[in-house]
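**Student:** Predicted coordinates and the sequence they were generated for:
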Amino acid sequence: MPAPTPYPLFLSLARRDVLIVGGGVVAVRKAQGLLDAGARVTIVSPAFNDAFHKLKPIKCVRARYTSAHMRRKNWCLVFAATDVPSVNQRVQKDAAGNNILCCRCDNPDRGDFANGATASVGSVVISVSTQGASPGLAARIREQAANGIDPLLARLAELHRAWRPLIRKSIHTIEHRRIILQRLAGEEMIARLRRQGAKGAQKLLRQYLAELTSPTKKTPSSKRDPQRGRRSRA
């Protein structure tokens with residue numbers, strides 16, 4: 001029977017408490033990513049890399065890790081990021097005892113989760129994993145994937161992010177939201193953005209919304225081809 005594969009996901013960590021045990025370079029890297037995600041980060045370590053002074057807002061607790069640190073807050077995630085395997089093992093054990101997912105930075109195979117090699121192109125985020133086989137290869141694949149993204153699609157993703165509140169406010173059924181989101185990612189929208197820029201894309205968005213919300217117009221059929229911007233023949 002093949003080994004189970006990790007489950008990929010993107011966590012929403014805004015205003016969630018995350019604990020990092022360790023004050024070295026690895027901990028700095030983890031802390032920066034967590035701060036970018038809006039997490040409230042606490043670091044426990046007897047010593048800290050100088051780079052931590054540049055990370056704000058962050059709470060640094062200068063102490064050797066004890067099990068009491070695990071019980072002080074309802075941590076969302078824990079990172080065991082020291083250079084002492086026995087300490088990382090203790091952190092992992094304490095996290096498991098409190099039903100908290102733990103990343104073993106020194107030995108990802110023994111932890112509950114691991115970070116992929118990530119890259120951002122505008123609002124598009126790519127994360128690549130080789131299931132721990134080769135972090136270097138994962139980084140190389142990440143760079144190739146990021147370089148292969150059409151900048152226009154990254155721009156469209158930024159527009160989609162800005163449009164979503166309006167779509168949720170204007171469209172009240174799941175089916176109609178599905179239709180408009182498909183159309184907004186279709187060839188007609190991409191071509192409009194390429195030719196006319198953001199203003200043209202915004203105008204096409206308003207047209208789509210009118211078609212789905214106006215009682216005097218027919219609702220687009222679910223058979224409409226979202227990739228071509230026209231109705232497909234039955």
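**Tutor:** Structure's in. What do you need?

**Student:** report the longest helix in this protein, please.
**Tutor:** helix 187-213 (DSSP state H).

**Student:** For that one, which residues meet the burial criterion?
**Tutor:** 188-190, 192-193, 201-202, 204-205, 208-209, 211-212 (16 or more other C-beta atoms under 10 Å). In this view, the C-beta of every residue, glycine as well, is placed from N, C-alpha and C.

**Student:** how about the residue nearest the centre of the chain, phi and psi?
**Tutor:** In the chain, the centroid-proximal residue (C-alpha atoms, centre = their mean) is residue 10; its distance is 4.0 Å. Residue 10 adopts backbone torsions of phi -120, psi 120, taken as degrees, to the nearest 10.

**Student:** mind checking how far stretch 135-144 is from the chain centre?
**Tutor:** Centre-to-centre, stretch 135-144 and its host chain are 18 Å apart (C-alpha atoms, centre = their mean, to the nearest Å).

**Student:** Residue 127 belongs to a helix, doesn't it?
**Tutor:** No - secondary structure of residue 127 (DSSP: H, G, I helix; E, B strand; the rest coil): strand, not part of a helix.

**Student:** Neighbours of the nearest residue to it once chain neighbours are set aside, how many?
**Tutor:** Nearest residue to residue 127, sequence neighbours excluded (C-beta to C-beta, 6 or more residues apart in numbering): residue 116, at 3.7 Å. Counted by other C-beta atoms under 10 Å, the residues lying close to residue 116 total 17.

**Student:** which ones are touching residue 116?
**Tutor:** By C-beta atoms under 8 Å, 6 or more residues apart in numbering, the contact set of residue 116 is 8, 127, 128, 129, 138, 142.

**Student:** mind putting those in a markdown table, distance to residue 179 included?
**Tutor:** As requested, these are exported to a markdown table (distance: C-beta to C-beta, whole Å):
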| residue | distance to residue 179 |
| --- | --- |
| 8 | 27 |
| 127 | 29 |
| 128 | 32 |
| 129 | 33 |
| 138 | 36 |
| 142 | 33 |
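
**Student:** I'd like to know which of the residues you listed are buried.
**Tutor:** Buried among those by 16+ other C-beta under 10 Å: 128, 129, 138, 142.

**Student:** mind checking how far the second one is from residue 95?
**Tutor:** To tie it back to what came earlier, the one meant is residue 129. Distance, residue 129 to residue 95, using C-beta to C-beta, to the nearest Å: 21 Å.
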